[in-house]
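**Student:** What follows is a predicted structure for the sequence shown.
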Amino acid sequence: MPDKLLTASDVLEYLNITRQDLVHLIRDEKMPFIRMGGQARFRAIDLEPWLAAKTVDVVTDPESINIVEQELGLSQKPDGCKFQNKLHIKPEAQAPIESDNSLPSINTQGTTTQTILRCTKNSPINPLPITDPYIVYEDAGGLFLKIFTKKSAEHHTQDIISIIQAICTNKSAKPLVDKAFNTPGQPVRIAQTPQFLSCPINIIVTRDKLNAFLFINRDAIATSNISSQNALDILDSMGIRSGIQAGVIKNVTHPDAPGKMLLIARGVKPRVAGETQLIVHIQTPPRFKPKNIESAKFNLETFQSIASCHKDQILAEIKKPELARNGIDVYGNVVACDSLDGPLLKGGPNTYFSFDRSRLHASCDGIPYWKGNSICVDNAIYLNNVGHDSGNVQARGRVIVQGNVESGFAVDAIHKVVIKGQVDAASICSRRSSITVHQGIHGSSGASLTAASNISAPFATGCTMEAGMNVTIETSLVRCTVRAYKNICLTSEASRTTSSTLVAGRCISVGSCGSKSQLRTTLKIEAPTDDHSGSERVFLEKQILSARSGIQQQKSRIMRLREQKSTAVNAERFSLQKMEKMLSQHESALETFRNWLKDSDSVFIDVRDTVWPGTVIIIEDKELKITKQTKSQRFYYTHSGIKHKAI
């Protein structure tokens, strides 16, 4: 039907009815329409669900065939040729046949006897019509599922699962349904009959509200009078008014009805044209890992093919198909197609969903990438150079510079800073992580590097460095001031430090120290003070405080579960034990960290090559000035002064 509003003439032509019939449908059958001043208009989106609710199933409502016969001018079939359900038992001419649907009945003395229903050609009681290729029924105190026709029942798999889930909320329905399909014709036990089915008439609505089932309790009907009006009154009190099956209402008083789950109301499922699609807007290869960018071998051309993203940019979205028809649940409410299942959209770090969870956005600038089936954003800024083109750089994540950092400019980042070129007289700061320089530091007495963790470079000239953990230099330190909370190490055998001041919290290891011209070079070990702690100690203290708070909350949770006599206490106790073990490990690490300087064997200064005159060795409050050239010495602390020995 067209999307535009329809006139009454359009509806008459579409439905092929008379004017009187249209007026009757609006007045008595509640056909929806829109009043626009003195005119009436109709919407196709309203008419289609209303028409779907009028669909008649001839099996559940056999009398409806008379309407078609009268319209076609056909006569009634003879009594001997009455329509018979394919699941009914065909009677024989000579002897009566026992019905498959024979049920136990309750006599007046309270004892259970077996009543056998007999069906003959002239019998006044026919077996209860079973219209679906499956049945859920009660027998021997339990509920059973039986599949009659496997191929036909496959179309009702979701309905079967929904009724089992409505009955057994704490049990998985899928294994039971699979077992029933693997053994068609054989009953599969679902569960013990729930207590909430003890009323004479019970209405069970599935979770999706698209189906409602009627269950008549066998024991309760012995003392109650059951009628079709009773079922209609219960449906009306529950607000169920759409898709009511007239055939089931008629058969409420049938002797076969008790103990069976009968579909008394069926809603209209929403239908869509096409399938829900996941549209991804990022171009990052699935195997791309953000850490690869930090490698010196990373190809710049490869990175340029990867598009970065900006804050609030849409990374992926779920595109829903065009609406073909809304559905109607058993309460008469419209079921929109938004509730249909579609592809799962997963978000990772630095992403957020829109209000309707149909779009995934980036919460910061960075590089989008795949992590399994999730889309994440690496909070990193990638630059060719830091200079006049870029200006000073401030970042809430990582900074990767492919080239150099020119004099007079600054890089301030929360996380790691990687510079693949060289650093001139610039300022580099990493507030929570480390700094790595691949091609050295030419500071000209104007470079400054500050990191919460480690600093590493091939060489450094004319700079100031301060690290919360370690400083690692490969070849040389010239005219530098270096402070490290733990260690300072020059790794190369031919490394040297000249006209510099090195201050470490634990140990210093260099190749040669000083020069022939006796320029002053100071190597100093001093214990970190409380107001200048490294990131490692601060991190451990925060972990301990967090663990203690979590343990206290876990103990309170266990106490509440004990009062409620919950079965989840054992699992919570196991979690508490893991948290206490983790706290013990953190406390042990912090104690070791605080006491490391008390061990004189772990506090030393190693000069692996030559110590030239003019070098000053300071450990705690002791000082030693080197007056003659020596080789390969270890300097360590004693109460009487600084001693040294060959290494």
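**Tutor:** Thanks, I have it.
**Student:** Next, Met559: secondary structure please.
**Tutor:** At Met559 the chain is in helix, as set by DSSP: H, G, I helix; E, B strand; the rest coil.
**Student:** Within the helices and strands, which one has the nearest residue to Ile135 once chain neighbours are set aside?
**Tutor:** Once flanking residues are discounted, Ile135 sits nearest to Lys146: 5.3 Å by CB to CB, 6 or more residues apart in numbering. In this view, the C-beta of every residue, glycine as well, is placed from N, C-alpha and C. According to DSSP states H and E, Lys146 maps onto strand 142-147.
**Student:** pLDDT of that strand, averaged?
**Tutor:** Rounded to a whole number, the mean pLDDT of strand 142-147 is 87.
**Student:** Which elements pack onto it?
**Tutor:** Counting contacts by 3 or more CB pairs under 8 Å, 6 or more residues apart in numbering; DSSP states H and E, strand 142-147 packs against strand 134-139, helix 157-167, helix 174-182, strand 188-192.
**Student:** would you list these in CSV and tack on mean neighbour count and distance to Gln39?
**Tutor:** Shown next, in CSV, are the helices and strands packed on strand 142-147 (neighbours: other CB atoms under 10 Å; distance: least, CB to CB, whole Å):
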stretch, mean neighbour count, distance to Gln39
strand 134-139, 20, 49
helix 157-167, 20, 42
helix 174-182, 15, 52
strand 188-192, 15, 55
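**Student:** what about those, which gets the closest to Lys625?
**Tutor:** Closest of those to Lys625 is helix 174-182, at 81.8 Å (criterion: CB to CB).
**Student:** Show me what the closest one is packed up against.
**Tutor:** Judged by 3+ CB pairs under 8 Å, 6+ apart, helix 174-182 is in contact with strand 142-147, helix 157-167, strand 188-192.
**Student:** quick one, what contacts Ser407?
**Tutor:** Asp424, Ala425, Ala426, Ser444, Gly446 (CB atoms under 8 Å, 6 or more residues apart in numbering).
**Student:** Repeat the analysis, applying 7 Å as the threshold.
**Tutor:** Asp424, Ala425, Ala426, Gly446 (CB atoms under 7 Å, 6 or more residues apart in numbering).
**Student:** phi, psi of it?
**Tutor:** In terms of degrees, to the nearest 10, the main-chain angles of Ser407 are phi -60, psi 140.
**Student:** With adjacent residues omitted, what lies nearest to Gly397?
**Tutor:** In space, and not counting its chain neighbours, Gly397 is closest to Asn379: 2.8 Å by CB to CB, 6+ apart.
**Student:** which residues does that neighbour contact?
**Tutor:** Asn350, Cys364, Gly366, Arg396, Gly397, Arg398.
**Student:** from these, which is closest to Pro187?
**Tutor:** Proximity of the contacts of Asn379 to Pro187 (CB to CB) peaks at Asn350, which lies at 53.8 Å.
**Student:** before we move on, back to that, quick one: residues in contact with the strand holding Lys146.
**Tutor:** Strand 142-147 has contacts (CB under 7 Å, 6+ apart) with 133-137, 153, 167, 176, 180-181, 184, 187-193.
**Student:** now swap in stretch 458-466 and tell me
**Tutor:** Stretch 458-466 has contacts (CB under 7 Å, 6+ apart) with 439-450, 455, 471, 473-483.
**Student:** In CSV: the helices and strands packed on helix 174-182, plus distance to Arg35.
**Tutor:** As requested, the helices and strands packed on helix 174-182 are exported to CSV (distance: least, CB to CB, whole Å):
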stretch, distance to Arg35
strand 142-147, 49
helix 157-167, 38
strand 188-192, 50
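**Student:** how about those, which one is nearest Leu214?
**Tutor:** Closest among the helices and strands packed on helix 174-182, using CB to CB: helix 157-167, at 11.4 Å.
**Student:** and the closest one with strand 142-147, angle?
**Tutor:** Angle, helix 157-167 to strand 142-147, by axes from the mean of the first three to the mean of the last three CA atoms, to 10 degrees: 180 degrees.
**Student:** mind checking the longest strand of the chain?
**Tutor:** Using DSSP state E to define each element, the chain has its longest strand at strand 455-467.
**Student:** mind checking how far it is from the chain centre?
**Tutor:** Here strand 455-467 shows a centroid-to-chain-centroid distance of 44 Å under the convention CA atoms, centre = their mean, to the nearest Å.
**Student:** continuing past it, what's the next helix or strand?
**Tutor:** Downstream of strand 455-467, the next assigned helix or strand under DSSP H and E is strand 471-478.
**Student:** Now do that next one: which elements does it pack against?
**Tutor:** Under the contact criterion of 3 or more CB pairs under 7 Å, 6 or more residues apart in numbering; DSSP states H and E, the helices and strands touching strand 471-478 comprise strand 455-467, strand 487-490, strand 496-498.
**Student:** Dump those to CSV, plus distance to Ala547, mean pLDDT and mean neighbour count.
**Tutor:** Below are those laid out as CSV (distance: least, CB to CB, whole Å; pLDDT from 0 to 100; neighbours: other CB atoms under 10 Å):
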stretch, distance to Ala547, mean pLDDT, mean neighbour count
strand 455-467, 27, 94, 22
strand 487-490, 28, 93, 22
strand 496-498, 41, 92, 23
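**Student:** Same list (those strands) but as TSV, adding distance to Asp356.
**Tutor:** What follows is the helices and strands packed on strand 471-478, written out as TSV (distance: least, CB to CB, whole Å):
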stretch	distance to Asp356
strand 455-467	47
strand 487-490	53
strand 496-498	62
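**Student:** Those strands: which one's closest to Ile203?
**Tutor:** Using CB to CB, these put strand 455-467 closest to Ile203, at 71.9 Å.
**Student:** out of the helices and strands packed on helix 174-182, nearest to Glu48?
**Tutor:** Closest approach to Glu48 among the helices and strands packed on helix 174-182 (CB to CB): helix 157-167, 21.7 Å.
**Student:** Need the contact partners of that closest one.
**Tutor:** Helix 157-167 is contacted by residues 134, 136, 143, 173-174, 176-177, 190-191, 194, 204, 206-208, 211, 213, 261 when judged by CB under 7 Å, 6+ apart.
**Student:** same deal with stretch 21-34?
**Tutor:** Contact partners of stretch 21-34, identified using CB under 7 Å, 6+ apart, comprise Ala8, Val11, Leu12, Ala40, Arg41, Phe42, Arg43, Asp46, Trp50.
**Student:** Please tabulate these in a markdown table, including the columns pLDDT and distance to Cys489.
**Tutor:** A markdown table is the format used below for these (pLDDT from 0 to 100; distance: CB to CB, whole Å):
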| residue | pLDDT | distance to Cys489 |
| --- | --- | --- |
| Ala8 | 85 | 91 |
| Val11 | 85 | 88 |
| Leu12 | 86 | 93 |
| Ala40 | 85 | 89 |
| Arg41 | 86 | 84 |
| Phe42 | 86 | 84 |
| Arg43 | 85 | 78 |
| Asp46 | 83 | 78 |
| Trp50 | 84 | 81 |
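**Student:** which of the residues you listed count as buried?
**Tutor:** Among the contacts of stretch 21-34, those that count as buried by neighbour count (16 or more other CB atoms under 10 Å) are Ala8, Val11, Ala40, Phe42, Trp50.
**Student:** Do me a favour and get the backbone dihedrals for Lys319.
**Tutor:** Backbone torsions for Lys319, taken as degrees, to the nearest 10, come to phi -100, psi 120.
**Student:** Check what pLDDT Lys297 gets.
**Tutor:** pLDDT recorded at Lys297 is 61.
**Student:** Name the weakest-confidence residue in the contacts of Ser407, if you would.
**Tutor:** Among the contacts of Ser407, Gly446 has the lowest pLDDT, at 86.
**Student:** which SS state does the closest residue to that one other than its chain neighbours fall under?
**Tutor:** Nearest residue to Gly446, sequence neighbours excluded (CB to CB, 6+ apart): Ala425, at 3.1 Å. Put simply, Ala425 is coil when judged by three-state DSSP.
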